[in-house]
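Peer 1: here's my sequence, what's the structure:
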Amino acid sequence: MVFCPKYRKAILTGAVVETLNGLLEQICQERNWTILSKELQPDHVHLFVSLPPAIAVADAVKILKGVTARRLFQQIPVLKRHLWNGHLWSPSYSVGTAGNVSAETIRRYIERTEHSKGRH
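Peer 2: Numbers count the residues shown, from 1 in each chain. Purely as a prediction, here's the structure:
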C-alpha cells in the first residue's frame, strides 16, 4: 500500500518519521499483521504487509492511517501547523496484491524504487 500526507507535503522527516515508523510496527504487531517491507519517504509511505484473509484491505488502510494520524498529532502537536484542517493523510491511497508474484520480488521492487529516488 502507498499513502501520502495531505497535499503531498514532505513532512515525514526527523522525529515525525521516527515516530511513524514505530507506530506502524506497533499497530501491525498488535494485530498480527506482518510487515514484509517498509519505505518511509518525506512525502509518502510504501508498506508491504501480509494481512489475514478476514481483514479487508480498506479496513487495514483505515486503521493504519487513522491510528497513526491521531497518535502523531498527540505526540508531535506542531505537526498540525503544517497541515490545514488537521488532516495528516490524503484521503486516497494505492493498494496492490501480490497474486502470483513472490513477496521477495515485491520487496526488491519497493527497495529498488525508493533507493533510486535518493532515499535519506
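Peer 1: how much space is there between the residue nearest the centre of the chain and residue 53?
Peer 2: In the chain, the residue lying closest to the centroid (CA atoms, centre = their mean) is residue 45, at 4.0 Å. Relative to residue 53, residue 45 is positioned 23 Å away (CB to CB, to the nearest Å). Any C-beta I mention is one placed from the backbone N, CA and C, and that applies to glycine too.
Peer 1: ok, now residue 33?
Peer 2: The gap separating residue 33 from residue 53 is 12 Å, by CB to CB.
Peer 1: could you check which of those two is surrounded by more residues?
Peer 2: Between residue 33 and residue 53, counted using other CB atoms under 10 Å, the more crowded position is residue 33 (19 against 5).
Peer 1: let me know the pLDDT of the more buried one.
Peer 2: Per-residue pLDDT puts residue 33 at 97.
Peer 1: kindly report the same for the one 10 residues further on.
Peer 2: At residue 43 the predicted local distance difference test score is 96.
Peer 1: residues near it, how many?
Peer 2: Residue 43: 13 surrounding residues under other CB under 10 Å.
Peer 1: pretty sure it contacts residue 4?
Peer 2: Yes: counting by CB atoms under 8 Å, residue 43 does reach residue 4; the two are 6.0 Å apart.
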